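Asker: predicted structure and sequence below. I'll ask about it afterward.
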Amino acid sequence: MERYSDTVGKKGPSVKGENISNGFDEDIDAMEIDDYDSVDATSIHNLGEDFLKIFCRKAIMAFYDQYGLISHQLNSYNDFIHSGLQKVFDSFGEMIVEPGYDPSKKGENEWRYASVKFGKISLEQPSFWGGTEREEHNMLPRHARLQNMTYSSRMKVNVSLEVFNQRLVESDKFKTGKDKTLKKEVLETDSRDIFIGRIPVMVKSDLCWLKMAEKGDCDFDHGGYFLIKGAEKVFIAQEQVCMKRLWISNNQGWTISYKSEVKRNRLIIRVVGLSKVDDVKGEKKGLNVYFLSTEIPVWILFFALNVKSDKEVIDLIDYDDDDTNIVNILFASIHDADEKFEGFRRARQALNYMEKLVKGTRFPPVEPIEECIATYLFPSLHSIPQKARFLGYMVKCLLQAYAGRRKCENRDSFRNKRFELAGELLERELKVHIGHARRRMAKALQRDLYGDRHVELIEHYLDASIITNGLSRAFSTGAWSHPFKKMERISGVVANLGRANPLQTMVDSRKTRQQVQYTGKVGDARYPHPSHWGRVCFLSTPDGENCGLVKNLAATGLVSTQITEPLIERLLDCGMEKLVDDTCTRLGRKDKVLLNGEWVGICDNSLLFVAELRQLRRRKELPHQVTFFSVLKACHM
């Protein structure tokens, strides 16, 4: 059996999905065990009870002085304003505004088009205008609290506007393959920084005036909350399933899923019954792939990825077990592919078959099938041979679980969850309102592209109140955008901050919530799990319908933050080898190395590899938030 060294995990808060404490694995082989020197129990008793009490008190005070109780919210928000906010605007890309093509409004000129693109974003610290001379003053949290104002920051973004027309001109068919092409002629351009809206500021964050300054506020106020129309609002950390991991399940048949927030990036391999295939040594089960809203035999997808022969597919799967049921499933999958399309062993024919199925779906992609595979299939892997290797690895994991040699993923384990904190939640809601503002901007701009009308300045088309009022309304009502469904909103994301005493304030700031449908089957989500030990409180949970779903972080529980420094170089220094693009090369007994769920390389010995990484972390040459473990039974790390 292959040794499986599979998961070097970089935990991150504010990158969607990577912000939770170290995971817990039920397998003893997967647990991270440091070889600390044994300590004589008698030497500890000789220190005396008084000394131990003083030491414990100083140790816990040093912990709180360094990390605090709400550092997870502050770190997430600071990461969002420093890097996440710019990524939100960059994700929208360029917007092309086309004219309405109304012949009655064309006039004497040609059709005009417009291109709008967001650039660099800048934030200002909170301020307001007041006094008899209408001067600008620094807004402190107490000003917003006493005057029922929103403690927010002005956002300015560089917007580039380009107006152009397109003409059909003759072209060299030998070079372009076409007799005529469209030539773009720029008519006017404009680029300037404009005010796009206001974003709420978290108290004691890097944007707040109270950061690293004494302004006369309460010493027990640790921040981590927002002031919306004078009311104190705090985020409840949302528990979400970790996307960057292969999920094996036998809930409704055996499946392995490659999950993603983008629907077209998702891929599911199922063990299905093959009714049209004759008995292959008594086995009527095969493997099908669900990709781009269509279901195809897995063998056809392998050959579409430029695999040359059936033996090469078997080598990619690398399942050398003597289990006859598994062998029969592979044979049945080959027969099923032959039944559905006989000429699939040619890459071009397999691609044509896939394109025919994909174009017959309800919402087919506009790109050709080759571009769809390069863009949507395992987007983190850039070469086709690497995609084929990862597909074979997924098939192997599914067959191991089907044969009882690998456990299914536990949805209730903290190892398989991530927290959405202030940064992720603001990013999700802000995308909705920016999209709304862009659509309104396109409609307003489209009216001035007709005929002889003049295109105004960019500020004339962009309504800044959409983002400002949208965020304020979301904080006030608590209705937040759904993480996966665009037309739905969820509750329980924002709550009023309790001020009965400082302890209650800390409790409200460290709450977590798991969103479930109360009408459906919750399973074991309400019950304590062994992985909760040291991370969440087993007792602090409300009564009623939220029992077990709303929890509190433990007093010393930490949530990891985003790591910006690259880790691939560190892994290579420790002996990792990068994946080769030749699918004919067998990896042999080497262990796989996965970083955040993505296969990045291989190593000879996962135990020595983990030991070297652990030494780097102890010497502080590797961030302390990086966790890793080796799963010997599954042969990856």
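Answerer: Perfect, thanks for sending it. Residues are numbered from 1 along each chain as shown.
Asker: and H137, how many residues sit next to it?
Answerer: Counted with other CB atoms under 10 Å, the neighbours of H137 add up to 12. Where C-beta positions appear, they are placed from N, C-alpha and C, glycine not excepted.
Asker: equivalent analysis for A304, please.
Answerer: By other CB under 10 Å, neighbour count at A304 equals 25.
Asker: helix or strand: which one has the nearest residue to it once chain neighbours are set aside?
Answerer: Leaving aside its sequence neighbours, A304 sits nearest to A350 (CB to CB, 6 or more residues apart in numbering; 4.1 Å). Element membership for A350, per DSSP states H and E: helix 347-359.
Asker: counting by contacts, list what the helix or strand following that helix packs against.
Answerer: Proceeding N to C from helix 347-359, the next assigned helix or strand is helix 369-376, under DSSP H and E. If you count contacts as 3 or more CB pairs under 8 Å, 6 or more residues apart in numbering; DSSP states H and E, helix 369-376 packs onto helix 347-359, helix 384-402.
Asker: just those helices: most buried one?
Answerer: helix 384-402 (a mean of 23; mean count of other CB atoms under 10 Å).
Asker: and the angle for it with helix 369-376?
Answerer: Taking axes from the mean of the first three to the mean of the last three CA atoms, to 10 degrees, one finds that helix 384-402 is oriented at 70 degrees with respect to helix 369-376.
Asker: elements contacting helix 384-402?
Answerer: If contacts are counted by 3+ CB pairs under 8 Å, 6+ apart, helix 384-402 sits against strand 246-249, strand 255-258, strand 267-273, helix 298-304, helix 310-317, helix 324-340, helix 369-376, strand 598-603.
Asker: which one of these is the most hemmed in?
Answerer: Using mean count of other CB under 10 Å, the stretch among the helices and strands packed on helix 384-402 with the largest mean neighbour count is helix 298-304, at a mean of 26.
Asker: of the helices and strands packed on helix 369-376, which is nearest K244?
Answerer: helix 384-402 (13.2 Å; CB to CB).
Asker: and the residue lying closest to L207 once chain neighbours are set aside, what is it in contact with?
Answerer: Take L207 and drop its neighbours on the chain: the residue closest to it by CB to CB, 6+ apart is V201, 4.8 Å away. Taking CB atoms under 8 Å, 6 or more residues apart in numbering as the criterion, V201 is in contact with Q125, P126, Y151, S152, S153, L207, C208, F226.
Asker: dump those residues to JSON lines, plus pLDDT and neighbour count.
Answerer: Shown next, in JSON lines, are the contacts of V201 (pLDDT from 0 to 100; neighbours: other CB atoms under 10 Å):
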{"residue": "Q125", "pLDDT": "91", "neighbour count": "14"}
{"residue": "P126", "pLDDT": "91", "neighbour count": "25"}
{"residue": "Y151", "pLDDT": "94", "neighbour count": "28"}
{"residue": "S152", "pLDDT": "94", "neighbour count": "24"}
{"residue": "S153", "pLDDT": "94", "neighbour count": "20"}
{"residue": "L207", "pLDDT": "91", "neighbour count": "22"}
{"residue": "C208", "pLDDT": "90", "neighbour count": "23"}
{"residue": "F226", "pLDDT": "95", "neighbour count": "27"}
